[in-house]
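S.K.: Just the structure for this:
(one chain, ligands or ions: 1)
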Amino acid sequence: MPTKLCQVPLLRLSFYLALLFVVPISVVGQQDDARPTDAATNRFVDQLLTRMTVAEKVEQLEQAPGQPNFTPPAKAEELARSGVGSFLFFTDPVRINELQRIAVTQSRLHIPLLFGYDVIHGFRTIAPIPLAMASSWDPELVMKTQAMAARETRAAGVEWTFAPMVDIARDARWGRIMEGAGEDPYLGEQIARAQVKGFQGDYIGAPDHILASVKHFAGYGAAEGGRDYDSSDISDELLYNVYLRPFHAAADAGAATFMSAYMDLNGVPATGNTWLLQDVLRKDWKFSGFVVSDWEAVKNLETHGFADSPQNAAVLAASAGVNMEMSSSLYREYLPGAIKSGAFSEARLDNLVRPILAMKYRLGLFTHPYVDMDKFHRETLSTEQRDAVRIAAEQSAVLLKNDGHTLPLSKSLRSLAVLGPLADSALDTVGSWAIHGDRRDTVTIAKGLREALPNARVDVAKGVEISRGSPTIFDEQVVPDQPQLKDDEARKVEFDHAVELARSADATVLVLGEAQTMSGEAASRGSLKLPGEQERLMEAVTALGKPVVLVLMTGRPLDITWASAHVPAILNIWYPGTEGGHAVARLLLGDANPGGHLPLSWPRDVGQEPLFYNYKIPHNPRNVAKRYWDLLSTPLYPFGYGLSYASFSFSDLTLSSPDVAAGGSLQVNVKLQNTSAGAGAEVVQLYTHQRAGSASRPIRELKAFQKVSLVPGEIRKVTFVLPADDLMYWSPALHRNVLEPGTFDVWIGSDSNATLHSTFNVIESRN
Ligand code: BGC
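M.R.: Here you go, the predicted structure:
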């Protein structure tokens, strides 16, 4: 592999001399594509450990922030020289090479650095947000999209992402709902597995792949009141049956690292939680990678009132099993002293360091530490990268409503108004957690439509502004887009102008929703209303009685109850990413068919939150308002819901047998027909319900799904194999996983309200 190193023979020579001095000869021959064996890895790490002082070991446990406001450049170099384990937030490959060269040639043991970064939905080429990716209900697509992200990331010299976030979120107020896969544990498991595989490839150290970090372990998504960073109080029943499941799936998929969460889980901070980090993660799930704390979460153990001093915080986190400390540096300051005083042992220190060194070895960093600049330029924003994120955006857009075939719009439109504060906003199009994305790379919806309709008049106007609120940690990107304060008169002129454009156009596309700063970290909302005057603009444009499409850009479900009753077509695109404008133009004009289904229950009103379909006590179907005096209890759109330009019918639900025994499985078949004149894909969803058990059972649980593409008129028999073991659950009455005999309902359809129904019996229990 041509590396920058190879262009600098003298350095290369000194590097290999250094390797020969500190590293067993066998490592020098390690190839990019050769998977190191466990034995070779352990031998290498053990030998290296014998050469390390306590201070050097502790240094490997530290991850320093690369942003100059946290760590000035000279300080970063000093850290590299003294053997710090890792940096986060470096993205410039030239700087990465400089620091790596210092670590590899000037630190005493020449141990390479590990560079981590939040590649949540893309590095430079931004894919749709994770909630959107989950809406694709296509794990294969999710895997491929994250593999592309990994490729671009690794080419820049970053070897580790702080993703996937697999926190189940049932509360749309929580800003970080946009980072996860929604509310369901089964869908969450599939998406978690796909992301780990996508980032890491077939094995840790696979070429063009990076390490994953599964976060935030565990329970962060259940923050009280949807308030970010608040405590989570989760019963064992919900922990085992809902919240832990995607984490377990990610561990099973071979995730290299986990991130311990900020908050306390049932009273014990996750970053000092021995039960979570040892009993569950390492003992039950056999996790052998390493755990990094969330940002300053070790230091925060004192804030939580869990540690009574910084030294105590370091010892508690290290004892619980947090291998690496992100951003704060209490390990460096206090662990050597704790070892001297006997408060922490060197053997335990070795156990913390071992998996970190092992990952560096498996990644091949000891032999290939530098960025290949040619490859970096080749991979960054390549056509392949752009195509991948455009396809992902098309497949994750959810068509919520399409009365009278308003969509797709005719390509022979003579004029189109594209209105709304998000219509031409590159920053918003990529969404939150796209920190390294550059807005200049981004295709806005307005740009995409202009390109796609070269012969039409496309008028673009904001109509209304939305205030972005207080800047977030990414404020340097946000500030330039801050709307200028306008007086009432100027606002009225802007509003009226937009309505006039709609009046004189053949059709209007309203691009409304949230600014990207309104979701993500530290961005919970107490209201789900369209911010600002957007609702008023929508009402005024809809009142014109001309074709209008609401394109919703958002990181969470919003209160669109008025729109769902009055606007003929609604396409929810979440935040679609770098190629969003091209994808949306193709969707609106019928060159692509929306492929998404909701990974969460879409509320009517914020008062319904938390809202989820797999609750336990059935609602009275004749009076769904009964649980609120002033509000229906049902969602506006159910979990799993999504339309297509094609239409489908389900029939002939059959089972291979009326009974299934423990260890056995059942075949469930259904006939799916494309009843329309266009090709399209349907997400065929299978739900079950256990009628009685040792504990109350959810009214429905998703157990399987398949995304099936059919040409017009095509009929396909879709078959699911349902293992009886998939009907097991953790019983709070018996405190263990059980499969209980009895009658089960099964439904198949296109969302969680599916009506095609049958029953079967589980005839033998396995405890
Ligand atoms: C977030 C993590 C993120 C880390 C580093 C924290 O504030 O909670 O999800 O990985 O920052 O950016």
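
S.K.: CA atoms of stretch 360-370 as PDB?
M.R.: These are the backbone C-alpha positions of stretch 360-370, laid out as PDB (Å, rounded to 0.1, in the frame of the first residue of the first chain):
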ATOM      1  CA  LYS A 360      -4.400  -1.200  17.700                       C
ATOM      2  CA  TYR A 361      -2.600  -4.400  16.700                       C
ATOM      3  CA  ARG A 362      -5.700  -5.900  15.000                       C
ATOM      4  CA  LEU A 363      -6.100  -2.600  13.000                       C
ATOM      5  CA  GLY A 364      -2.600  -3.000  11.700                       C
ATOM      6  CA  LEU A 365      -1.500   0.300  13.200                       C
ATOM      7  CA  PHE A 366       1.800  -1.000  14.400                       C
ATOM      8  CA  THR A 367       2.800  -1.700  10.800                       C
ATOM      9  CA  HIS A 368       0.700   0.800   8.800                       C
ATOM     10  CA  PRO A 369       0.200   3.800  11.000                       C
ATOM     11  CA  TYR A 370      -0.100   6.500   8.300                       C
END
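
S.K.: Now do the buried residues in it.
M.R.: Buried residues in stretch 360-370, counted by 16 or more other C-beta atoms under 10 Å: 360-370. C-betas here are computed from N, CA, C, even on glycine.

S.K.: In contact with the closest residue to the ligand within the stretch 101-250 of the chain, which residues?
M.R.: With distances taken as C-beta to the nearest ligand atom, the stretch 101-250 of the chain approaches the ligand most closely at F162, which sits 3.4 Å away. Remark: with contacts taken as C-beta atoms under 8 Å, 6 or more residues apart in numbering, F162 is in contact with 88, 116-120, 213, 215, 259, 292.

S.K.: quick one: average pLDDT of the helix or strand containing V493?
M.R.: Taking DSSP states H and E as the criterion, the element that holds V493 is helix 488-503. Taken as a whole, helix 488-503 carries a mean pLDDT of 96.

S.K.: quick one: I573 from the ligand, how far?
M.R.: 24 Å (C-beta to the nearest ligand atom, to the nearest Å).

S.K.: What's the local residue count around that residue?
M.R.: The tally of other residues near I573 (other C-beta atoms under 10 Å) stands at 30.

S.K.: same check, this time on Q516
M.R.: 30.

S.K.: So it sits against G437, correct?
M.R.: No. At 10.3 Å, Q516 and G437 do not qualify as touching, with contact defined as C-beta atoms under 8 Å.

S.K.: What helix or strand is the residue in the stretch 651-767 of the chain positioned nearest to the ligand located in?
M.R.: Closest approach between the stretch 651-767 of the chain and the ligand, counting by C-beta to the nearest ligand atom: L702, at 26.4 Å. Secondary-structure assignment from DSSP H and E places L702 in strand 701-710.

S.K.: beta partners of the residue nearest to H689 when sequence neighbours are not counted?
M.R.: Taking C-beta to C-beta, 6 or more residues apart in numbering as the measure, H689 lies nearest to D745, with 4.3 Å between them; neighbours along the chain are not counted. Beta-bridge partners recorded for D745 (DSSP bridges): H689, T759.

S.K.: Neighbours of V430, how many?
M.R.: By the other C-beta under 10 Å criterion, the neighbourhood of V430 contains 31 residues.

S.K.: Same question for K703.
M.R.: Burial measure for K703: 18 neighbouring residues, criterion other C-beta under 10 Å.

S.K.: I'd like to check which residues are in contact with it.
M.R.: Residues in contact with K703 (C-beta under 8 Å, 6+ apart) are 186, 686-688, 722, 726-727.

S.K.: Equivalent analysis for A358, please.
M.R.: The neighbours of A358, taking C-beta under 8 Å, 6+ apart as the test, are 41-42, 45.

S.K.: run the last query once more with 10 Å
M.R.: Residues counted as contacts of A358 (C-beta atoms under 10 Å, 6 or more residues apart in numbering) are 36, 38, 41-42, 44-45, 48, 204, 256, 288-290.

S.K.: Could you do V322 as well?
M.R.: Applying C-beta under 10 Å, 6+ apart, the residues near V322 are 61, 258-260, 270-273, 277, 290-294, 297-298, 301, 314, 316, 331, 352.

S.K.: overlap between the buried residues of stretch 360-370 and the residues near the ligand?
M.R.: When the buried residues of stretch 360-370 are filtered against the ligand using C-beta under 6 Å from any ligand atom, no residues are retained.

S.K.: possible to save those as TSV with secondary structure?
M.R.: What follows is the buried residues of stretch 360-370, written out as TSV (DSSP: H, G, I helix; E, B strand; the rest coil):
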residue	secondary structure
K360	helix
Y361	helix
R362	helix
L363	coil
G364	coil
L365	coil
F366	coil
T367	coil
H368	coil
P369	coil
Y370	coil
